[in-house]
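Novice: Give me coordinates for this.
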Amino acid sequence: MKAEQMNKISAPIGDAKLRGKTVVVSLNCLAPEYREGDRRLLCTEGFGCDPALRGKAVYGIFRGERGVRFDRRDLEGLAAHPLKEQAHG
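Specialist: The predicted model follows:
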């Protein structure tokens with residue numbers, strides 16, 4: 001799948017609970033070497049996963065690495081093509 005398809009957004013994040021969902025990370029918060037290709041994050045934990053909580057940290061699996069942290073504001077929207085956790089095992 002091409003990067004433009006992988007990074008397609010299906011909906012804004014808004015007040016969505018993010019745990020278990022796949023989101024697209026904004027280009028602005030990524031180092032240059034990560035701006036090309038897949039920018040999807042499978043959200044696994046963090047207070048930022050729930051908009052009702054005070055925290056902003058969202059942890060997840062990014063390009064096969066677990067425990068990667070982003071702030072909720074760094075996320076562009078819900079991904080149109082979700083990741084599956086076992087695929088990144």
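Novice: and stretch 46-61, how far from the chain's centre?
Specialist: 11 Å (Cα atoms, centre = their mean, to the nearest Å).
Novice: Could you list the residues in contact with that stretch?
Specialist: Contacts with stretch 46-61, where a contact means Cβ atoms under 8 Å, 6 or more residues apart in numbering, come from 14-19, 23, 41-45, 66-73, 75, 83, 85, 88. C-beta: built from backbone N, CA, C; applies to glycine.
Novice: Surely Arg63 and Leu42 touch.
Specialist: No - Arg63 lies out of contact with Leu42 (Cβ atoms under 8 Å); the separation is 10.4 Å.
Novice: The two: who's more crowded?
Specialist: Counting neighbours by other Cβ atoms under 10 Å for Arg63 and for Leu42 shows that Leu42 has the greater number, 22 against 12.
Novice: Who are the packing partners of the helix or strand that the more buried one is a member of?
Specialist: Counting by DSSP states H and E, the secondary-structure element that holds Leu42 is strand 40-45. Applying 3 or more Cβ pairs under 8 Å, 6 or more residues apart in numbering; DSSP states H and E, one finds that strand 40-45 contacts strand 22-25, strand 57-62, strand 65-71, helix 85-88.
Novice: 6 Å instead, please
Specialist: The helices and strands touching strand 40-45, judged by 3 or more Cβ pairs under 6 Å, 6 or more residues apart in numbering; DSSP states H and E, are strand 22-25, strand 57-62.
Novice: So, low pLDDT: which residues of this protein?
Specialist: 86-89 (pLDDT under 70).
Novice: how close does Asn44 sit to Phe62?
Specialist: For residue 44 the amino acid is Thr, not Asn. Computed as Cβ to Cβ, to the nearest Å, the Thr44 to Phe62 distance reads 10 Å.
Novice: Kindly report the same for Met6.
Specialist: Distance from Met6 to Phe62, by Cβ to Cβ: 13 Å.
Novice: Which one of these two is surrounded by more residues?
Specialist: For the pair Met6 and Phe62, the greater number of neighbours falls to Phe62 (21 against 17), based on other Cβ under 10 Å.
Novice: Determine the number of other residues adjacent to Glu65.
Specialist: Residues near Glu65, counting by other Cβ under 10 Å: 9.
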